[in-house]
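>>> need coordinates for the following:
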Amino acid sequence: MFPYLSDIQDLKYVNATSRLASLYPYIKGLPGRGNLLKLLVLEVALIALFTTLIDKAITFSLALCFYMIIIVNYLFHRIGRELVNFRRLNGLMIIEMSLIFLGLLFFYLLDLTLGYRKLGLAILSSMISFGVLLRGLIVRTLSGDDVKSTITYTLSISLLEIFPFIYTVHKDLGYAVIIGQVIGNVSHHIYSIFINSRLKIRGLKPIELLSAILMVFLEGRKEHLENLAEKLDTKAEIKIDVLMFNPMDKSDKIALVVPTFHPGPFRDFGSTILPYIIEEKFSKIGVKTVFVRGLSDHSRNIISRMDCEYISDTLLRTFENYDGRCSSMAGDFKIVKKDSVSAYLLPIGKTTIAILTLHPKGMEDIPPEVMEGIYREDLVVIDAHNSFSENVKELDGDKFKNIRELLYIISNTNVDRSSNIIKAGYGESRIEGYSIEDGVGPQGIRAILLDNGKEEFALIVIDSNNAIPIVRERILHEVGRLGVRYCEVVTTDTHIVNGVKLGGRGYHPIGELIPVEAIIPPVLRAVEQARRNLTRVEVSRITLTFNNVKVMAKDFLEEAEKKTFKALTYLEICMVLTFIASLVLTLITF
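Have a look, this model is predicted:
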């Protein structure tokens, strides 16, 4: 009965925003609670104990110097450099101490047990240089590309790590440690200078940009990324349509909001948060708000929180002061198709709503350019965004062409408005036990039930970023059993779920982690509530256009993703060269 269940099995494609988010675990820090102090203290004690097997003279000074590193971490944390904190520095040192321990272990095994002292020294030096390289790069990123702070911290740590090995019986051990520290520090600086000069993203240094993005992911601080992104000076026109269902009794008003801003790019940054701001303001005046997706793509990600506040305030004032004409006219609901694209046409009031879907084929953002040369004054287009596929990065030429052809057909389709009765009802529900990490946003599930006097249409809106095709299939089947003849499932495409569940794609479309069986009951509750609230309404439409809104262009994210992964490739090369350089130099020295 449900042939699209197989679509869940093969999840391969990773888009630009999600690929960037997938890098977060590599810098997030070690697992565990607290500030990792106990773990670091224990590791230093074990390293100190192990050095008694190599040279007892090292043990006390090593423990003293390595424990002083903890004090340096605390002092550097107190200075307060961007993302630097005690836990992250301790986590970083745990990684570096582990590499030092491995180096000492190799040295012990190769020297004292097998007699390959030079090779043991070379491997120890290489392991140290590897750890110093990572330390420098991560601290520079955490400090917001602050070169002075990074040099001060890394040199302080290097001196404390070198000191215990200088006054030992084995002088060559001290030289090997010094070689590793010098090579690691030099490699870190050369790599940082190289990528900051050769891999700039729209003129922005990649380390500084990465730091700003991590501030959003790690601490929810958005101002730095806003400041950087605004330097791009990319602007766009943002249009918002609001269909107001005004009840003839004392029921709450319903606002169906169809924006052309993109609800992204991730978490609560930019216009991701705008639908929730608008809903909060509307709820204070007793309006039930339902957001759907208009025609937009990542070139419509609003950057500035000030722009978001201005848009929401303007929309609220316009809504409160609107005295335009309402209409109770309605027409027959119908479905129009063109190849793989279909649309519901809903003549409501003086507006004709068209809800586009490519289900069961995969669909992605339908950009506003699809309407070029097509115009119909009463038309409001909704992108259902309800059929997720890993194999679809963006609309290909054929799909884009089919959508345009269907919209052209719609623009020339006559709709009757013979009924003078419109009834509308609102219902909402939540998927209990699941959160944004699982792919569902805070608006949960909302339903608007429309009755034109002949038949009912249920609009089911799920606050998620797309949906596995089986979700729509099942919902249409189950809602149909309630006696609702027409039904469409749409998602808000909210990106508040993006970058929360990190690793892999960076988010879960609805139905991937949350089973369909958990989605159906709240959907039916929302529809049944909407039916109970069904009442006669008049419909009016507000259209607002905002010019020169600062946006994060789609090609900016794509360039950031491309150059970030190029920088990672260079980092792999740098790591290998650093390891080899320390190895060879140590072998030559001794």
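
>>> check the offset of stretch 126-142 from the chain's centre.
With Cα atoms, centre = their mean, to the nearest Å as the basis, stretch 126-142 stands 27 Å off its chain's centre.

>>> an error on my part: the question was meant for stretch 529-546.
The mean C-alpha position of stretch 529-546 is separated from the chain mean by 32 Å, Cα atoms, centre = their mean.

>>> pLDDT of that stretch, averaged?
In this model, stretch 529-546 has an average pLDDT of 96.

>>> list the buried ones in it?
By 16 or more other Cβ atoms under 10 Å, the buried positions in stretch 529-546 come out as 529-531, 533-542, 546. Heads up, the C-betas are built off the backbone N, CA and C, glycines and all.

>>> take these and lay them out in CSV including secondary structure.
Output for the buried residues of stretch 529-546, formatted as CSV (DSSP: H, G, I helix; E, B strand; the rest coil):
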residue, secondary structure
529, helix
530, helix
531, helix
533, coil
534, coil
535, strand
536, strand
537, strand
538, strand
539, strand
540, strand
541, strand
542, strand
546, strand
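
>>> would JSON lines of those with distance to residue 293 be doable?
Written out in JSON lines, the entries for the buried residues of stretch 529-546 read as follows (distance: Cβ to Cβ, whole Å):
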{"residue": "529", "distance to residue 293": "23"}
{"residue": "530", "distance to residue 293": "20"}
{"residue": "531", "distance to residue 293": "25"}
{"residue": "533", "distance to residue 293": "24"}
{"residue": "534", "distance to residue 293": "25"}
{"residue": "535", "distance to residue 293": "27"}
{"residue": "536", "distance to residue 293": "28"}
{"residue": "537", "distance to residue 293": "23"}
{"residue": "538", "distance to residue 293": "25"}
{"residue": "539", "distance to residue 293": "20"}
{"residue": "540", "distance to residue 293": "22"}
{"residue": "541", "distance to residue 293": "18"}
{"residue": "542", "distance to residue 293": "18"}
{"residue": "546", "distance to residue 293": "18"}
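
>>> now the two most distant members of those.
Of all pairs drawn from the buried residues of stretch 529-546, the greatest distance, 36.1 Å, lies between 531 and 546 (Cβ to Cβ).

>>> residue ranges with poor pLDDT in the stretch 201-350 of the chain?
Applying pLDDT under 70 to the stretch 201-350 of the chain picks out residues 232-233.

>>> helices along that one, start to end?
In the stretch 201-350 of the chain, the segments counted as helices under DSSP state H, counting those that start in this stretch are 206-219, 223-230, 274-283, 305-321.

>>> looking at those helices, which is closest to residue 445?
Closest among the helices of the stretch 201-350 of the chain, using Cβ to Cβ: helix 274-283, at 14.3 Å.

>>> the closest one to helix 305-321, inter-axis angle?
Here the directions of helix 274-283 and helix 305-321 differ by 30 degrees (axes from the mean of the first three to the mean of the last three Cα atoms, to 10 degrees).

>>> buried residues, helix 274-283. List them.
Judged by neighbour count using 16+ other Cβ under 10 Å, the buried positions of helix 274-283 are 274, 275, 276, 277, 278, 279, 281, 282.

>>> quick check: chain neighbours aside, which residue is closest to the last one?
Beyond its immediate neighbours in the sequence, the residue positioned closest to residue 282 (Cβ to Cβ, 6 or more residues apart in numbering) is residue 289, lying 4.6 Å away.

>>> the first one now?
Of all residues beyond its chain neighbours, the one nearest residue 274 is residue 308 (4.6 Å), with distances taken as Cβ to Cβ, 6+ apart.

>>> show me the contacts for the one you found.
The neighbourhood of residue 308, defined by Cβ atoms under 8 Å, 6 or more residues apart in numbering, consists of 270, 271, 273, 274, 277, 302.

>>> next one: it from residue 238, what distance?
10 Å (Cβ to Cβ, to the nearest Å).

>>> before we move on, what about residue 288?
Applying Cβ to Cβ, one obtains 23 Å for the distance of residue 288 from residue 238.

>>> neighbour-wise, which of those two wins?
When neighbours are counted by other Cβ atoms under 10 Å, residue 238 comes out ahead of the other of residue 288 and residue 238, with 24 against 20.

>>> quick one: residues contacting the more buried one.
Under the criterion of Cβ under 8 Å, 6+ apart, the contact partners of residue 238 comprise 259, 260, 261, 300, 302, 311, 545, 546, 549.

>>> which two of these have the greatest separation?
For the contacts of residue 238, the farthest-apart pair by Cβ to Cβ is 302 and 545; their separation is 14.2 Å.

>>> next SSE downstream of the lowest-mean-pLDDT helix or strand in the chain?
Using mean pLDDT, DSSP states H and E, helix 25-28 stands out as the lowest-scoring helix or strand of the chain, at a mean of 54. Next in sequence after helix 25-28, counting helices and strands by DSSP states H and E, comes helix 37-51.

>>> and that following helix, how far out from the chain's middle?
Relative to the centre of its chain, helix 37-51 is centred 37 Å away, using Cα atoms, centre = their mean.

>>> after that helix comes which helix or strand?
Next helix or strand after helix 37-51 toward the C-terminus (DSSP H and E): helix 56-79.

>>> against which helices or strands is that next one packed?
Other helices and strands packing on helix 56-79, by 3 or more Cβ pairs under 8 Å, 6 or more residues apart in numbering; DSSP states H and E, are helix 37-51, helix 86-108, helix 147-162.

>>> which positions within the last one qualify as buried?
Buried residues in helix 147-162, defined by neighbour count with 16+ other Cβ under 10 Å: 149, 150, 151, 152, 153, 154, 156, 157, 158, 160, 161, 162.

>>> same question for the shortest one.
Residues 39, 40, 43, 44, 47, 48, 50, 51 are the ones in helix 37-51 that count as buried (16+ other Cβ under 10 Å).
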